[in-house]
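In: Pasted the sequence and its predicted model underneath.
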Amino acid sequence: MPIPRDDQVEAWRYAAEKLGIAVVSPCDIALSNGQTVRVTALVEQFGNTKGMAVDPEYALVEYSVALLHDGYGFSIVTIPAVDAFLPNSLHTILMDWGWNDAAGPRPHWMIEAFGDQSRKWREIGTELGFTVVAPWRAYLDGAEAAAVALIEEFGSERGTLVIVDDNLSEAQAEKLGRDGYAFSDLGPVRNRP
């Protein structure tokens, strides 16, 4: 049985408070085509430039083209109710959507998760016998560029940079591509047995 929408609104508000993220729940989004769509929540700092419109109902797909055109991402998702809130499961969803750098500094839990991902990639490299530089950082045009890991033996001549949450700007990615790096958005490494 689906969680009632009121419970989802409450769950997103609770998640916003606990994770320190900007959420408008519920939210009416006025689209440039004249339509208005009501969603359970607008998660402002993640996904596309104007945030992620989220709702547990597949009816949201009807608005997908207009949402994307207007700078919103969208997701059909149900999160746990307040009494069953699990921050780590929501961290994974949010990291998959990616942080919008225009929103300012990332919350502390994203920085910690980035470090955890780097540690996991180092372990995998050691186990499989390939070189992993994790985390990887460089300065490009006066700004720091960072990736969860650089896998030197795979991809292009300089290796493959592992990106988990769109942590490179478009300009940085273009420059690194010209400099001989490949990219892979492999998603978060899950805990292994």
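Out: Nice, I can see it.
In: can you map out the strands along the protein?
Out: For the chain, the strands defined by DSSP state E cover 23-24, 27-30, 36-39, 41-43, 52-55, 73-76, 132-133, 136-140, 143-147, 149-156, 159-162, 182-184.
In: These into a markdown table, with extra columns for distance to Trp109?
Out: C-beta here means a position set from N, CA and C on the backbone, and glycine is covered the same way. Converted to a markdown table, the strands of the chain look like this (distance: least, Cβ to Cβ, whole Å):
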| stretch | distance to Trp109 |
| --- | --- |
| strand 23-24 | 15 |
| strand 27-30 | 23 |
| strand 36-39 | 24 |
| strand 41-43 | 15 |
| strand 52-55 | 17 |
| strand 73-76 | 19 |
| strand 132-133 | 23 |
| strand 136-140 | 20 |
| strand 143-147 | 17 |
| strand 149-156 | 19 |
| strand 159-162 | 19 |
| strand 182-184 | 23 |
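In: which stretch among the ones you listed comes nearest Trp121?
Out: Among those, the nearest to Trp121 by Cβ to Cβ is strand 149-156 (3.7 Å).
In: buried stuff in that closest one?
Out: Across strand 149-156, burial judged by 16 or more other Cβ atoms under 10 Å covers 149-151, 155.
In: which of these lies closest to Ser169?
Out: Closest to Ser169, out of all of these and judged by Cβ to Cβ, is Leu150, at 17.5 Å.
In: List the residues that contact that closest one.
Out: With contact set as Cβ atoms under 8 Å, 6 or more residues apart in numbering, Leu150 has these partners: 132-134, 136, 159-162, 181.
In: Roughly how far does the nearest residue in space to Ile21 that is not next to it in sequence sit from Met110?
Out: Spatial nearest neighbour of Ile21, chain neighbours left out: Gln45 (5.7 Å); criterion: Cβ to Cβ, 6 or more residues apart in numbering. For Gln45, the distance to Met110 (Cβ to Cβ, to the nearest Å) stands at 10 Å.
In: Overlap in contacts, these two.
Out: Trp99.
In: Would you confirm that Val43 contacts Met52?
Out: Yes: taking contacts as Cβ atoms under 8 Å, Val43 lies within contact range of Met52: 4.4 Å.
In: who has more neighbours, those two?
Out: More crowded of Val43 and Met52, by other Cβ atoms under 10 Å: Val43, with 28 against 25.
In: contacting residues around the more buried one?
Out: 12, 21-23, 51-52, 54, 94, 97.
In: Turn the buried residues of strand 149-156 into CSV, including distance to Asp7 and pLDDT.
Out: Shown next, in CSV, are the buried residues of strand 149-156 (distance: Cβ to Cβ, whole Å; pLDDT from 0 to 100):
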residue, distance to Asp7, pLDDT
Ala149, 38, 81
Leu150, 43, 85
Ile151, 42, 87
Gly155, 44, 83
